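> fold the stuff below for me.
(chains A, B and C)
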Amino acid sequence: MRFGWYRFLVIAVAAVAVLAPLVLVFYQSFLDAPFFQPVTHFSLEAYSFILGESDFWDAFVTTLLIGAGMTAIAVPLGAILAFLIVRTDLPGRGWLEPVILVPIFVSAIVLAFGYVVALGPVGIFSIMVKSWIGFVPWNIYSLVSIAVVAGLMHVPHVYLYTAAALRGLGTDLEEAARVIGANPWRVAIHVSLPMVMPAILFAAVLVFFLGFELFGIPLVLGDPQGILVLSTYLYKLTNLLGVPSYQLMAVVVVAIVVVTLPLIYLQRRLLRQSQRYVSMRGKGQRAAPLRLGRWRWPAFVFIALWFLVTVVLPLAGITLRSFVVTWGEGVKLADVLTLDHYRALLNFPNIERGILNTLAIGTIGGAFAVVGYTLVALAIHRWNSGWVRFVDYIVMLPRAMPGIVAGLALLWVFLFFKPISPLRSTLVSLWLAYTIVWFAYGMRLISGTLLQVAPELEEAARTVGASEARVMRDVSVPLIRYGMIASWLLIFLIFVREYSTGIYLLGPGTEVIGSLLVSLWGTGDVDLVSALSVINVAMIGIGLAIAVRLGVRLHA
Amino acid sequence: MVRFTAAALAAAFVVFAPQAQAQVPQGYPADYSKIVDAAKKEGKVVVYSTTDSASANALIQDFQKLYPGVTVEYSDLNSTELYNRFIAEAASGSGTGDVTWSSAMDLQVKLAADGYALTYDSPEIPSLPKWAVFKNQAFGTTYEPITFVYNKRLVPAEDVPQSHADFVKLLNAKPDFYKGKVTAYDPERSGVGYLFVNQDVANWPQAWDLFKAFGKENIKLYTSAGAMMERVTSGEHLVAYGIFGSYALSRSHKDPNLGIVMPKDYTLVTSRVAFISAKAKNPNAAKLFLDYILSKRGQEIIANKAELYSLRSDVTGEATLKKVEELIGDKARPVPINAALLEALNQTKRLTFLKKWQAAMKGQ
Amino acid sequence: MPDLSIQNLFLRLGDNEILKGVSLTIPVGSVVALLGPSGSGKTTLLRAVAGLEVPYRGAIKIGERVLFDSERGIELPAEQRGLGLVFQSYALWPHRTVQDNVAYGLKLRGVGADEIKTRVAAALAQIGLGHLAARYPHQLSGGQQQRVALARALVYEPPVILLDEPLSNLDAKLREEARAWLRQLITSLGLSALCVTHDQVEAMALADRIILLNGGVVEQEGTPTELYTAPRSLFAAEFMGSNSQLNGKLASRGGGQAEIEVEGQRLRGVDRGGAAPGAAATGVIRLEAVQVGGADGGNGLTMTLATQMYLGERWEAVFTRGTTTVRAYAHAPLAEGEHNIGFPPEALWIF
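The predicted structure follows:
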């Protein structure tokens, strides 16, 4: 049973990659000093300190509120959007899908900063509105705004799961409702969406879960009011004591993991339930879309509005910012237009390398990541074993660590796990960090395509005499090759926008655009930040355009 | 006498074998050439810095021109990341930055005090202010006034506070106009912010009055200078309290709407602190780099290209100690690089101070 | 080639007991149909033989070669069993041509390239698709795909070929042709085959022997004639053929005969065991045995014609009386009203 060996080997490697940083963090939480110092003692002091901190509880509650708020916004919107695009004759539904997914691929910090420029108290659009009605009817720095923005940005996540489930549902069920006399909305609310409820609930749990790792939005929009969530509370924690106190940060991570583990469990339960639903589905896969009739254009406007607020406004904000010297109250934008920021970028040291590295990590790194995810997905593919559950947990766990902690923990791993130490100052370390952090996403992409391979195709190969390994090589992998290419493009998009995870692993020669953005933001060079952001967004846009052009199905 | 002979010998050597020995900067001891040679063998110096590479680029280029064969591997990080990375790497025994150069003065002094810094009698020490040298281990490299910045478009000229005392008066005089329009670093979330307000209290008895006025005016607190300046120039806020003069200066060149004030009653001056790692893998190259950024040549670039403010009195230009003195006379209050900074890291004192700050933010 | 034998097989999927002690033998050179309603475990049994499902008890052998034996802890993986399996969906690999699909099993067995070529050509010729070797599966019709799937399973000459609902994906017309063709191919090659089907007509047409599965156990086993003419249980009787049911009370039994009281009338029939006199009983009769116009000996009921349907070569009529409904064939349309319906005693089975 050589394939058994392969399975356990792959699972072991994945487990080590994921658990090593996490175990290090857990271990650290029980010490009274950095674990690498010569003298450390076991101590629960960190726990008693954190649990006694009112700021921690405030941040905790804020995180829960934002998580709940964004879930409440993202779930209904995402579900309805999915119904409209998958099931109805909505205008432009062919090209709308990639557009809807854009928020996933744009850095949250870029979007959040774009919101400040567009909708902040003196934002370009705010001033416009103010000139019409005399005041600005919103405050984007409030807790509610953070939840709303986060909710709108996570609509695509709900969309992806709901759309996938809806595609698996026979249209006859909806047609039956339509014939009886239900209008499209009733069909959606009474038939289609209830049928895919497990998938929707699954996405809801995911969005709530993602609420815990929210960083860019609360960092930028929560800054002026000092609104802290757990991931930004870590900053305050560090500063409260003057020197970074790892045991305290570790306790916060433990707290997040403790909250998220039940969520993963819940997700698994829901997933199993949704698979049960699949067998209930009707027949007749390809049928005419539901006709919306007079609802057609209102529905389109509804989507356009969402897209305007979630993507167009912030991106317009950041783009505009990159072409002006200054902005705000009393500024005529026509007077301050400039290309200087882009010119300055040309003189910016390492910019070329930053762009090249970003492309390299996106393309080459993305390809290797897909290979890695595929190896793991194959290892648990059609395997009836408790280990599959183990892998499910392993895959989700890296998400429980806020990016900055994950980055630090990974630095520790690279430093103190000697065999891989030499890789630390290369792009490989960055690649590994990205690959681990995006494990869950990548696995979903690959196992999604693997699940579409009919089991008989693999069983047929077994019966004609192919071993499990041969089946994977000759049947499963060739059959998902287009899915793998699609996943590669999606991973490319994710890797191009990512940076926070790699922050401690970056060095001379391994800069990426994201890291350049952060260091510039720190010194206040917003001009360059905005120009660089636009370039980053352009890269992602081009990637997305290629993906669409190649007909990549963006849903897993 | 011995030294003279050595120098003469060295000079003779240069004449006879110009390739064999490196050139020694003017005024440096002759045996400095050994360091130069050793540095060239090392071939590189690894620098961890909080100064972004765009600003530092000119410095790096000039250094590499001065010492061909020694390349600078420059990483820019924020100060907390730099600290985290440095101590972890040092503990692991795998390489870390040869030179660490950070604006977090307290953390730098702590690292030096904890034995992470190499003691080095830099030939540039005599040219530096006394307060800028800590045990010949950590060295101040810049002279950065902490300024107020304001929006020239929206703040009436007569309002612009010229001193800390003016600031209190202004806030009391026009509370409605400035409500929610003043911004500063958050000392609870930012190390720099803590350092600033802590030093204010040490230098100015009325500091708490100002902070209470901030609290009453519903001041907006941030964690990054970029966020603050962006919001001041856009008009979302009007005045920012406590911005590095270097950042403000370079921003004001691009955006004429940004006004800068060095307060006339006293102006805090901070300095980016550099030290050589005790376990540096390239100690000689590190020495070259440190000496270079302290040297007149390096400081000229710091002043005029990087706009980080030179701390040498023999450097002229806009961003220099000299210019600051011209503007505010003897009111500059450099934060001395010494063990007193460690007090800021004392947990109990810090928490007590922040409690008081929190109360002030409620106007109490 | 030795016999395939299955001994006392138990299999569980999740919490469901699917197979509850199935034993059977497939003699060399015979075609055996596994017949049963959906959920009877027939496909699961086939997959267990193929090695795609793992029983928790029992044994599967081909002659002396043990494929599975729970007691001895033997479980050969599917690829080492050397069987041929044709899937209901055919499961042709969409990324390989017909040629490559068929050749794969030989390639895995290390057969040389030249030999593969000749053997695949022979196999394709056998199924009459030699000219389509370079096509991809999606370029073939359903019937052609089915043949390719068969060729793929046969090309490496497995001792037993397993067929899972081989004809169910074909349309009605094609199915009848394919049935004859399949039967002919299997017998002409002298293969042993195990064929899963839910269609009793298909089972009878294809198979030498039929194994009727119900709820995970073998209900009855025998030749098609035995199953059709001598069902041993109500289930077997009802599953095979088209039947009418007469529900009533058992009036008497004895000497292989029984009487059932239906709608106040006593009917004689063959005693198939079961209830004591006075208990509820069911009479089953094949549609073609029902005699419209009364039977010899008057074993019958007077019933009302409810409706009649034209089937082409004959008519099917539905008669009712009280709660009893009986269907029967007629050669010509019947008049409205009451008819005498006869049930020949030797054709009425009473359970």
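> tell me, how many residues neighbour the residue in the stretch 201-350 of chain C positioned nearest to chain B?
Relative to chain B, the nearest point of the stretch 201-350 of chain C is C:Gly216 (61.9 Å; CB to the nearest CB). Just so you know, the C-beta spots here come from the backbone N, C-alpha and C atoms, and that holds for glycine as well. C:Gly216 has 23 neighbouring residues, counting by other CB atoms under 10 Å in any protein chain shown.
> what helix or strand is the residue of chain C positioned farthest from its centre located in?
Here the centre of chain C is the reference, and by CA atoms, centre = their mean the most remote residue is C:Asp114, at 39.5 Å. Per DSSP states H and E: C:Asp114 is located in helix C:113-126.
> ditto for A:Glu458
Per DSSP H and E: A:Glu458 is located in helix A:455-463.
> does anything pack onto that helix? Which helices or strands?
helix A:468-471, helix C:42-50, strand C:84-86, helix C:142-154 (3 or more CB pairs under 8 Å, 6 or more residues apart in numbering or on different chains; DSSP states H and E).
> single out the most deeply packed of those.
Of the helices and strands packed on helix A:455-463, the one with the most neighbours on average (mean count of other CB atoms under 10 Å in any protein chain shown) is strand C:84-86, at a mean of 28.
> so who does the closest residue to B:Ser92 other than its chain neighbours touch?
Nearest residue to B:Ser92, sequence neighbours excluded (CB to CB, 6 or more residues apart in numbering or on different chains): A:Leu415, at 3.7 Å. By CB atoms under 8 Å, 6 or more residues apart in numbering or on different chains, the contact list for A:Leu415 reads A:36, A:421, A:424, B:88-89, B:91-92, B:94.
> just to revisit the earlier point, so is the helix holding C:Asp114 next to chain A?
No - judged by CB under 8 Å from any CB of the partner chain, helix C:113-126 stays clear of chain A, getting no closer than 12.4 Å.
> list the buried ones in that helix?
Judged by neighbour count (16 or more other CB atoms under 10 Å in any protein chain shown), helix C:113-126 contains these buried residues: C:116, C:119-120, C:123-124, C:126.
> give me the angle between it and helix C:142-154.
Between helix C:113-126 and helix C:142-154, the angle comes out at 140 degrees (axes from the mean of the first three to the mean of the last three CA atoms, to 10 degrees).
> centre of the chain to helix C:113-126, how far?
Computed by CA atoms, centre = their mean, to the nearest Å, the chain-centroid distance of helix C:113-126 equals 32 Å.
> other SSEs contacting it?
Helix C:113-126 sits against helix C:98-108, helix C:142-154, with contacts defined as 3+ CB pairs under 8 Å, 6+ apart.
> take those and write them to CSV, including distance to chain B and mean pLDDT.
Converted to CSV, the helices and strands packed on helix C:113-126 look like this (distance: least, CB to the nearest CB, whole Å; pLDDT from 0 to 100):
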stretch, distance to chain B, mean pLDDT
helix C:98-108, 49, 91
helix C:142-154, 57, 89
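> relative to B:Leu288, which of those helices is closest?
Across those, B:Leu288 has its closest neighbour in helix C:98-108 (66.3 Å, CB to CB).
> can I get the CA coordinates of that closest one in CSV?
Provided in CSV are the C-alpha atoms of helix C:98-108 (Å, rounded to 0.1, in the frame of the first residue of the first chain):
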residue,chain,number,x,y,z
VAL,C,98,-11.2,5.5,-27.5
GLN,C,99,-8.0,3.8,-28.4
ASP,C,100,-6.3,5.0,-25.1
ASN,C,101,-9.3,4.2,-23.0
VAL,C,102,-9.2,0.6,-24.2
ALA,C,103,-5.5,0.3,-24.1
TYR,C,104,-5.0,1.6,-20.6
GLY,C,105,-5.6,-1.8,-18.9
LEU,C,106,-3.1,-3.5,-21.1
LYS,C,107,-0.6,-0.7,-20.6
LEU,C,108,-0.9,-1.2,-16.8
